[in-house]
Every structure is written in structure tokens, then in C-alpha cells.
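Peer 1: Sharing a model that was predicted from the sequence below.
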Amino acid sequence: MSLSAHDLLYSNSHHSNDDEQNLASIDELQQLLCHLLKYTETEFLLKKREPIQSQDLIQAFYRQAKELREGKPLAYIIGQAPFMSHTYLIQPGVLIPRHDTECLVEHSIRLLHTLKKDYSSIVGVECGVGSGIISIECALAHPTTHFHAWDISQKALDIAKHNATRLGASNITFHHGNFFDGIQDILKKHPNSLPFIISNPPYIETDTIQTLEDSVKNYEPHLALDGGTNGLEFYDAFFSLIQSIPSVLLCEFGYNQKNALQALARKYELYTIEFFQDLSQNDRYFIARTID
Ligand SMILES: C[S@@+](CC[C@H](N)C(=O)[O-])C[C@H]1O[C@@H](n2cnc3c(N)ncnc32)[C@H](O)[C@@H]1O
């Protein structure tokens, strides 16, 4: 007997007593099936009762649906994740893009437009490029601005380069290594450009990582999460960096870190700092300026 996509979906979704979890898993199972069948969502709705001829595809679905139920994130199973209007290739070892980061990116793109009215030359720099989402979206929106993007993880850097090539962002130079070791050289090479520094750095307190949900702590790279004992190590280093360099800094942060960041900014006598929320009204990113 041939099975349809509808049969596969519903025979695989009765594995939880919790309704919400069940609903969420049906949605992810459907995305998995769409990926395997190479269907859009609309095609899935139109063709979901047609028999699936390929036994290999059915076996692949059973295998991957099991991985999904065991907690492996969908993005690592299908090797891709959506961000803004693009699809990014993703692999285990590289942080999965979060929709929360879209607010930071959209604001960066708008702010760059505004700054370009006053500054003839701007150099974009990103600490921790991951899959490339931030630099690539900014580079695509600002093709005449050059970006430099670092990651300490070679795997992340390889994926980011691949995504940049696929999406046609040719105005990014990628650097492997510690951002704080490499940044000074780049700034020296661009003495007349305004540094526009962007980052979604690791910001989880080291001891909190073990309390995160399984799909995060067991699968996502801790190098992308661990912000040190107090979660603020990267912000401390960013504030120290921009103190002596007239620049603009945009960073994402954890929903409960605003007060600590305000205190840290005061310690560095950094008074031009504004905090913003994401679409769920969580404090999510800030813009700090050391220019007039
Ligand atoms: C939270 S992830 C952000 C990835 C991506 N920008 C995003 O928003 O999805 C942080 C990234 O910073 C990288 N990273 C950690 N420490 C670093 C350092 N000292 N210099 C450069 N990159 C670093 C990690 O490997 C990881 O890819």
C-alpha cells in the first residue's frame, strides 16, 4: 500500500500527550516532509493525499522524524534555516539563526542609510558571524559598504562564506580567529572610515548553559552561547574597544541583561546608549555611539 504525505504526517505525530508539543511537532514534521518532497507549503496542501512512490524517501522521513522527536533541531536535519527573506545553509556546529535577530539587522540597515548622509566612508565589522546572517543581510542592503566578519570557529566561517557566495554578497571579507585580536589591524587600514560594529555575541552565563532546553544545550555550539561567568564578557570587551575609537556599536543581548549592561556602560563612561525591544517586547539589542 502506498502512503501519502498526509498518512506519513499523522502516523508520526502521535508521540506526545502534550497538545502544544504535538502541534509544534506536526508543524516541524510537515516542514521536514516538504523539504524531502521538495514541495512548497502550497504544493504540500494540494498534493498531500497523493501516494508517495519513493520508498527511500519514506524511509528517510521515518529516520529524520525520529531524530526530530529525539530533540535534534529541524535546521540541523534539513541543513537550512530561514532568516529575513533568505534561506541560509546551516550545519551542526553553527548557531541556528533566530528570528529575534531580525530586529537588530533591520535597525542596522536603516541606521547605515542615515549615517551615510554624514559619513562618506563607513567600514562594517562583525564579531561572531556564525552562518553569516547579519553581515550578509547588511552587505546585500549596502553593496557599496565593505564589511569584515570574524568567527573563531572555522566551521562557522566556512558556512558563512558559502552563504555569502550563494546569496551574492561579495562585499564581505571573512577572518578566522578572535575578533579582538584582529580588529585593530583592520581599523588601522581604514583610518578615515567610521567603524560600524555589529554583533550577536555569546551572552549566556557559563553556569546557565546546562539549564537550557535539550535542543539547545545538546546540539548548538557552546562557543556560540558562552558569555563567561556573568554573560557579559563580550560587552565588556566591546565597551573597552569603542572607548578609544569614535564608532557605532550595535549588539544583541539576553532579555534579562539590560540593567547589567546599563551599569557596565556607566563604568566605561559610555552615556550614549539606547536600548530596544524585539517583536515580543523583550529587551533585545542596544546601540552605543562614541561619535557626536
Ligand atoms: C551567538 S553566535 C552568533 C552567530 C550569528 N551572528 C547569528 O546571529 O546567528 C556567536 C558567534 O561568535 C563566535 N565567537 C565566539 N567567540 C568569538 C571571538 N572571540 N571572536 C570571533 N567570533 C567569536 C561563535 O563561534 C559564534 O559563531
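Peer 2: Yes, it's here.

Peer 1: quick one, helices of the protein?
Peer 2: 5-11, 19-37, 41-47, 55-69, 74-78, 101-118, 133-141, 154-167, 179-189, 214-217, 233-243, 258-267 (DSSP state H).

Peer 1: most neighbours per residue, which of these?
Peer 2: Highest mean neighbour count among the helices of the chain (mean count of other CB atoms under 10 Å): helix 133-141, with a mean of 24. The C-beta positions use only the backbone N, C-alpha and C, and glycine is treated the same way.

Peer 1: which other helices and strands contact that one?
Peer 2: If contacts are counted by 3 or more CB pairs under 8 Å, 6 or more residues apart in numbering; DSSP states H and E, helix 133-141 sits against strand 86-89, helix 101-118, strand 122-127, strand 146-151, helix 154-167, strand 172-176, strand 194-199.

Peer 1: Quick one: list the elements packing against the longest one.
Peer 2: Translated: helix 101-118. Identification of packing neighbours for helix 101-118 by 3+ CB pairs under 8 Å, 6+ apart yields strand 122-127, helix 133-141, strand 194-199, strand 248-252, strand 273-277, strand 283-289.

Peer 1: could you check whether it is close to the ligand?
Peer 2: Yes - between helix 101-118 and the ligand, judged by CB under 6 Å from any ligand atom, the touching residues are T101.

Peer 1: which residues are contacting that helix?
Peer 2: Helix 101-118 has contacts (CB atoms under 8 Å, 6 or more residues apart in numbering) with 83-84, 122, 124, 133-134, 137-138, 141-142, 145, 194, 196, 198, 200, 248, 250-252, 276-279, 284-285, 287.

Peer 1: Just the mean pLDDT for stretch 45-55, thanks.
Peer 2: Average pLDDT, stretch 45-55: 94.

Peer 1: I should have written stretch 282-292 there, sorry.
Peer 2: Rounded mean pLDDT across stretch 282-292 is 95.

Peer 1: what's that stretch in contact with?
Peer 2: So stretch 282-292 is contacted by 100, 103-104, 107, 111, 194, 238-239, 242-243, 245-253, 255-258, 261, 265, 270, 272-278 (CB under 8 Å, 6+ apart).

Peer 1: Kindly report the same for stretch 51-63.
Peer 2: Contacts for stretch 51-63 (CB under 8 Å, 6+ apart): S2, L3, S4, A5, L8, N12, L32, L33, L36, L37.
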